[in-house]
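Participant: Pasting the sequence and the predicted coordinates here, then a few questions.
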Amino acid sequence: MAWMPRTICFVDACYTTPQARCQAARRLGGKPVLEWIVRAATDAQRVDGVVVITSDDPANELVDKIVPPDVPVFRAFGTTPLECFVAGIERFSAEAAVRVAGTWPFVDSVLLDNLVLKAEQVVDADFIGYCGSDNNPAALARIGLLPEWYRGSSLRRAARRLGAGFSGNPAEFIYNFEKRFRIRHLPLPAELDVTELDPLCSPQDAWDMTETIFETLGPDVHNWRRVVRVIIDFCRHHQLHRHSSVKARSLEPE
């Protein structure tokens, strides 16, 4: 019989830099980026609830202003994303937790549901995430399209023992101490398993791509297959332009 834990989806809004807060508050189609992310999470069918989690840093008070009023915001008494995430697991008695990064507005609820379904079928996992054919975990990529699943009790115990002073996010913590966790991977869908999804060279490039995707897809921004096609086209154009610029500079007289 499948294991059916109480699963809470946490949208991670524990922003630690002004750039991340600015990204979350920027508007697409009249709505903040963070609101697009939250709505994708609430569209998922296999989670028992959605919570936006943030830190008690006064700079993160903006989170309350840009989250839809029907979704709770939990302000954790912690300074790091790991501390806040663990506090959320404890506060909401989450046997399992899904983490969605609060920076990219193209999270797809189908991929979230697929992840939870896999977790319900596996009893010996502490962490489940997507992974490409190159064995690079998607959870460590800068383009945060993909959710991560955590067994609540395992992360809480490990964070108490090893989390002091750790400044990264929960996925970085898992892979930093990977020998202490039972990690399972789901293969990336073929459309996502491409080299063009490598990180872009600057935050402005990433935002330009975000606007391009939204202008192209409109309300269909949570259809990951279409999102990926636009990202690939953008990245190829960006790489071609960058290559042309480098070549032109190399031809300039000294």
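Facilitator: Nice, I can see it.
Participant: quick one, phi psi at residue 128?
Facilitator: phi -130, psi 130 (degrees, to the nearest 10).
Participant: where do the strands sit along the stretch 101-250 of the chain?
Facilitator: 127-131, 148-151, 183-187 (DSSP state E, counting those that start in this stretch).
Participant: helices or strands up against the last one?
Facilitator: Using 3 or more C-beta pairs under 8 Å, 6 or more residues apart in numbering; DSSP states H and E as the contact test, the elements touching strand 183-187 are helix 109-121, strand 127-131. For every residue, glycine as well, the C-beta is placed using N, CA and C.
Participant: got the angle for it vs helix 109-121?
Facilitator: 140 degrees (axes from the mean of the first three to the mean of the last three C-alpha atoms, to 10 degrees).
Participant: I figured residue 91 hits residue 74, correct?
Facilitator: Yes. Counting by C-beta atoms under 8 Å, residue 91 touches residue 74, with 6.0 Å between them.
Participant: which stretches of the stretch 151-254 of the chain have low pLDDT?
Facilitator: Residues of the stretch 151-254 of the chain meeting the criterion pLDDT under 70: 194-207, 209, 214, 217-254.
Participant: One more pass at 90, please.
Facilitator: Where the stretch 151-254 of the chain drops to pLDDT under 90, the residues are 164-165, 168, 188-254.
Participant: do the stretch 1-150 of the chain as well
Facilitator: In the stretch 1-150 of the chain, residues with pLDDT under 90: 1-6, 19, 23, 26-31, 77-79, 103-108, 110, 123, 131-146.
Participant: ok, residues contacting stretch 26-46?
Facilitator: For stretch 26-46, contacts defined as C-beta atoms under 8 Å, 6 or more residues apart in numbering pick out 7, 9, 11, 13, 23-25, 47, 50, 52, 63, 66-68, 71, 100-109, 112-113, 116-117, 120, 207, 210-211, 214, 218-219, 221-222.
Participant: What residues of that stretch count as buried?
Facilitator: 28, 32-42, 44, 46 (16 or more other C-beta atoms under 10 Å).
Participant: hang on, the earlier thing: tabulate the helices and strands packed on strand 183-187 (a markdown table), appending mean neighbour count and distance to residue 165.
Facilitator: Below are the helices and strands packed on strand 183-187 laid out as a markdown table (neighbours: other C-beta atoms under 10 Å; distance: least, C-beta to C-beta, whole Å):
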| stretch | mean neighbour count | distance to residue 165 |
| --- | --- | --- |
| helix 109-121 | 18 | 29 |
| strand 127-131 | 22 | 21 |
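Participant: Much appreciated, bye for now.
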